[in-house]
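Novice: Pasting the sequence and the predicted coordinates here, then a few questions.
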Amino acid sequence: MKTAIQGIVVVLCMLLLLSQAGCKSSKKAQRKKAEAKTKTEMVPNETATLSGYTRSQIYFKLQIGAFTTPLSENDILFHQVAGEEVKIDISPSGLYRYSVGKFSHYDQAVNAEKELKSRGYKDTFIVAYGDDDKRIELHMSDIWNFLYEKQ
């Protein structure tokens, strides 16, 4: 008799726990999920980050080339950017990536990219960096959405 009562108590406790937790598809659970989403969307833009950077910490450069070995300072790649500062960074896979410029807005980088293409840099493209000069290794559409789409 005692074990039967204990069994009933265990079943009642389990039912009580289940009724309080609800199921994931219940209206109560859906309402809580919607409330949480709204709270997340209300986070001020200044505190939002992408790869650890706030919007004001992200800038753009133009990559003009990437090679498995470093280039000499006299390489033909640099002839059309003489007088501009060329930066080099090494990718996680070991490529030597060469870039020019530092633009706080994407539109500025687009205009500079057109200029470089007119000088013969057909494969140049825009890349994003954080204020610590580390490249942000994300697709540009993700960076664009973070910077310019309403949050």
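Specialist: Cool, got the structure.
Novice: Tell me where the protein is predicted with low confidence.
Specialist: 1-46, 150-151 (pLDDT under 70).
Novice: And the strands in it?
Specialist: Using DSSP state E, the strands found in the chain span residues 58-67, 86-90, 96-103, 125-130.
Novice: Residues contacting the third one, please?
Specialist: Contacts with strand 96-103, where a contact means CB atoms under 8 Å, 6 or more residues apart in numbering, come from 59-71, 77, 81, 84-91, 109, 112, 116, 127, 135. The way it works is simple: take the backbone N, C-alpha and C, and place the C-beta from them, glycine included.
Novice: what about 6 Å?
Specialist: Contacts to strand 96-103, defined as CB atoms under 6 Å, 6 or more residues apart in numbering, come from residues 59-67, 70, 81, 84, 86-91, 109, 112.
Novice: who touches Ile58 in this structure?
Specialist: Ile58 makes contacts with Ala128, as judged by CB under 6 Å, 6+ apart.
Novice: is it in a bridge, and if so with what?
Specialist: Here Ile58 sits in beta bridges with Gly130, going by DSSP bridges.
Novice: so how far is Lys87 from Met140?
Specialist: 18 Å (CB to CB, to the nearest Å).
Novice: and stretch 50-62, which residues are buried?
Specialist: Residues of stretch 50-62 classed as buried: 50-51, 53, 58-62 (neighbour count, 16 or more other CB atoms under 10 Å).
Novice: Could you export that stretch as CSV, keeping only the C-alpha atoms?
Specialist: Backbone C-alpha positions of stretch 50-62 (Å, rounded to 0.1, in the frame of the first residue of the first chain) are rendered in CSV as follows:
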residue,chain,number,x,y,z
LEU,A,50,29.4,41.6,-34.9
SER,A,51,32.4,39.4,-34.4
GLY,A,52,33.0,41.5,-31.2
TYR,A,53,32.9,44.9,-33.0
THR,A,54,30.4,47.7,-32.6
ARG,A,55,29.2,49.5,-35.8
SER,A,56,31.6,52.4,-35.1
GLN,A,57,34.6,50.0,-34.8
ILE,A,58,34.2,48.6,-38.4
TYR,A,59,35.9,50.0,-41.4
PHE,A,60,36.6,48.9,-45.0
LYS,A,61,39.7,48.3,-47.2
LEU,A,62,40.1,47.3,-50.8
